[in-house]
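[1] build me a model from this:
(one chain, ligands or ions: 1)
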Amino acid sequence: MMHPEQALKELVEGNNRFLQETSIQSAQTSLRKLKKLAVTGQLPKAIVLCCSDSRAPVEIIFDQDIGDLFVIRVAGNIIAPSLAGSIEFASSAFGTRLVLVMGHTKCGAIKATLDHLESSRKITSENINSIVQRIEPHISSIAERNDLSDEEKWEQAVEANARASVEQLSRFSPFIESRVQQGIIKIIGSVLDLSTGRVNLLA
Ligand SMILES: [Zn+2]
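    Numbering: from 1, shown residues only. Below you'll find the model as predicted:
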């Protein structure tokens, strides 16, 4: 399986092609590739956990083709059992070694959580609440700050949530923790800037 550093390099190069409008993908070859992979099976080079926001389509942003990425999308790119389970599945079934957690600017799930923290308005949907509850501890200290504008809080909370998701995922299960410690899996955080299309890796 592809080394995580190589996979990350290919994602960065793909994002650069997207930014320069020099995509190497084509609908015709994608269909041929799909038909081939239907027979041979998949070997995705990276697992990507990102938000469901319609402005964050992972394959397009990274200029990747069918079969390249195992993508898990959930509002607010939160970590919860079924999402961690999807990552464990891809890691064990395909040997994929790079896990990229990608947040994005202007994230509605983050804004909803900030609003909830600041107004203590009750969220009536239990299901939406289950997402907000997972984001809350990652950004509550930012919500409390008086020296930041609402826009600054939103931007910082997006990054803090992506970083916290990486930390949380690294220790979420004995399976993931041991693979991270052995260097089999590498988990990297990132934020997609919707205003530019650039994915910034979090050091
Ligand atoms: Zn979002």
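[2] may I see the buried residues of stretch 53-68?
    Using 16 or more other C-beta atoms under 10 Å as the test for burial, stretch 53-68 gives 53, 56, 58, 59, 61, 62, 63, 64, 65, 66, 67, 68. C-betas here are computed from N, CA, C, even on glycine.
[3] farthest-separated two in these?
    Distance extremes for the buried residues of stretch 53-68: the farthest pair is 53 and 67 at 23.3 Å, using C-beta to C-beta.
[4] measure residue 81 to residue 74 for me?
    12 Å (C-beta to C-beta, to the nearest Å).
[5] of the two, which one has the most company?
    Between residue 81 and residue 74, counting by other C-beta atoms under 10 Å, residue 74 is the more crowded of the two (18 against 9).
[6] can you pull the pLDDT of the more buried one?
    If you check residue 74, the pLDDT there is 98.
[7] how about the contacts made by it?
    Counting by C-beta atoms under 8 Å, 6 or more residues apart in numbering, residue 74 makes contact with 49, 51, 52, 80, 83, 131.
[8] can you lay out those as CSV showing secondary structure and distance to residue 9?
    Output for those, formatted as CSV (DSSP: H, G, I helix; E, B strand; the rest coil; distance: C-beta to C-beta, whole Å):
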residue, secondary structure, distance to residue 9
49, strand, 19
51, coil, 24
52, coil, 27
80, coil, 30
83, helix, 25
131, helix, 32
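[9] which of the residues you listed are buried, as a ChimeraX select command?
    Buried residues within those, by 16+ other C-beta under 10 Å, are selected in ChimeraX with:
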select :49,51,83,131
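[10] the contacts of residue 74: which ones sit near the ion?
    The residues of the contacts of residue 74 that also fall near the ion, by C-beta under 5 Å from the ion, are residue 51.
[11] return the member of the contacts of residue 74 nearest to residue 195.
    Once C-beta to C-beta is applied, the member of the contacts of residue 74 that ends up nearest residue 195 is residue 51, at 15.7 Å.
[12] okay, now residue 200: neighbour count?
    By other C-beta under 10 Å, the residues close to residue 200 number 16.
[13] who's in contact with it?
    Residue 200 touches 190, 191, 192, 193, counting by C-beta under 8 Å, 6+ apart.
[14] closest one to residue 100 out of the contacts of residue 74, please.
    If you rank those by distance to residue 100 using C-beta to C-beta, residue 49 comes first, at 7.3 Å.
[15] I'd say that closest one and residue 99 touch.
    Yes - with contact defined as C-beta atoms under 8 Å, residue 49 counts as touching residue 99 (6.9 Å).
[16] overlap in contacts of the two?
    Looking at what touches both residue 49 and residue 99 (by C-beta under 8 Å, 6+ apart), the common residues are 87, 169.
[17] low-confidence ranges in the protein?
    Across the chain, not a single residue meets the criterion (pLDDT under 70).
[18] ok, now with 90
    For the chain, applying pLDDT under 90 flags the ranges 1, 27-28, 120-124, 203.
[19] which residues of it fall in helices?
    Here the chain has its helices, by DSSP state H, at 4-19, 27-40, 58-61, 81-94, 108-119, 126-143, 150-170, 174-181.
[20] so which of those is nearest residue 202?
    Nearest to residue 202 among the helices of the chain is helix 150-170; the distance by C-beta to C-beta comes to 5.8 Å.
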